[in-house]
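> Provided below for reference: sequence and predicted model.
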Amino acid sequence: LGSEWWVEFFDELYHEIYSMLQTEDRNRAEAQFIAEILELGPGSRLLDLGCGFARVATHLASMGVEVLCLDFSEKLLSIALRRIYDMGVDDRVHLVRGDMRATSLRGSSVDAAIIWFTTFGFFSDEENERILDQLAHVVKPGGRVAIDLFNALRALHTAIHSDAEGRRPGFTWWSEEGKYLVLESIEFDVLTMRSRSRRVIIDRESGARIADRLIDIRMYMPHEIARMLTSRGFEIEKILGNYRGEPYRPLSPRMIIVARKH
Ligand SMILES: C[S@@+](CC[C@H](N)C(=O)[O-])C[C@H]1O[C@@H](n2cnc3c(N)ncnc32)[C@H](O)[C@@H]1O
């Protein structure tokens, strides 16, 4: 596991950088959106697979949902632990450290499950699919799952356009929010459908390079996710393109698949 990028990547620095973009208002609105698309209410049992620092789980718990949060990152789970006490939802959020590829959760034990904010595609194709086996096992018949991914078609479109401008296939972005400058260059491998990027984080005041990290994610096309879910006993209910619930389009920022277990 030591060599896998995701073991090191999800740490305090991840939390610090993403917290600048993911304000509590946004987190609460996302939680409300999740409750709507999954029809969750007080007493519903939800599995949040790869919950991170319980960013949305805490807000769902404030709405009365019982959330089982699973993540591998000790660092993010310790932030999550602080958050659930600070937000007074420690009785409704259960934090578990584990690997989402093998959760050993009881069958049909939850009403719904989420894999939220690009938390799918980190492993080999076979291992990624094994996670959906876990979902099929743990969600009750009639229960729902929502998988929220970066939209692969949009990533592909961006890669193709930067190619047309004469650069290597791939693209670059930077963000100058707060303390850090984040530089990222992305290469898209169409043979494996993996997006491989290098992210360099610079402290703006000192100019020091404080992190240099690689990210490697399999991007899934809508039809692939649909087939992977339907072959495991799910029926696709909808596919949305953003957190406002608008329909999916090829260049939507997100690809959010909602499916129901037979
Ligand atoms: C992009 S973050 C998203 C976190 C959260 N879902 C959210 O909406 O903020 C991906 C999360 O997946 C977790 N993760 C990565 N590999 C994992 C694994 N093998 N098992 C469990 N969690 C894992 C990371 O630690 C990280 O918290």
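Good, I have the coordinates.
> Give the buried residues for stretch 211-229.
The neighbour-count check on stretch 211-229 (16 or more other CB atoms under 10 Å) flags 211, 213, 215-220, 222, 225-226, 228-229 as buried. Every residue, glycine included, has its C-beta placed from N, CA and C.
> ditto for stretch 133-153
Result for stretch 133-153 [16+ other CB under 10 Å]: buried residues 134-136, 138-139, 143-153.
> In helices only, show me these.
134-136, 138, 152-153 (DSSP state H).
> Can you add distance to the ligand and pLDDT and give those back as CSV?
What follows is these, written out as CSV (distance: CB to the nearest ligand atom, whole Å; pLDDT from 0 to 100):
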residue, distance to the ligand, pLDDT
134, 10, 94
135, 13, 95
136, 17, 97
138, 14, 97
152, 16, 95
153, 20, 94
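> Which pair in those residues has the greatest spatial separation?
Distance extremes for those: the farthest pair is 138 and 153 at 29.3 Å, using CB to CB.
> So residue 64 sits against residue 92, correct?
Yes: contact criterion CB atoms under 8 Å: residue 64 and residue 92 qualify, at 7.4 Å.
> who's more crowded, these two?
Shown here are residue 64 and residue 92; by other CB atoms under 10 Å, residue 92 has more neighbours (19 against 14).
> The more buried one: what's it in contact with?
61, 64-67 (CB atoms under 8 Å, 6 or more residues apart in numbering).
> Could you let me know which of the residues you listed ends up closest to the ligand?
residue 67 (11.5 Å; CB to the nearest ligand atom).
> how near is that closest one to residue 152?
To residue 152, residue 67 is 28 Å away according to CB to CB, to the nearest Å.
> Name the nearest residue to residue 5, ignoring sequence neighbours.
residue 214 (5.2 Å; CB to CB, 6 or more residues apart in numbering).
> shouldn't the one you found be in contact with residue 6?
No: applying CB under 8 Å, one finds residue 214 not in contact with residue 6, separated by 10.2 Å.
> Could you point out the helix or strand that follows the helix or strand containing residue 61?
For residue 61, the enclosing helix or strand under DSSP states H and E is helix 57-62. Per DSSP H and E, the first helix or strand lying C-terminal to helix 57-62 is strand 66-71.
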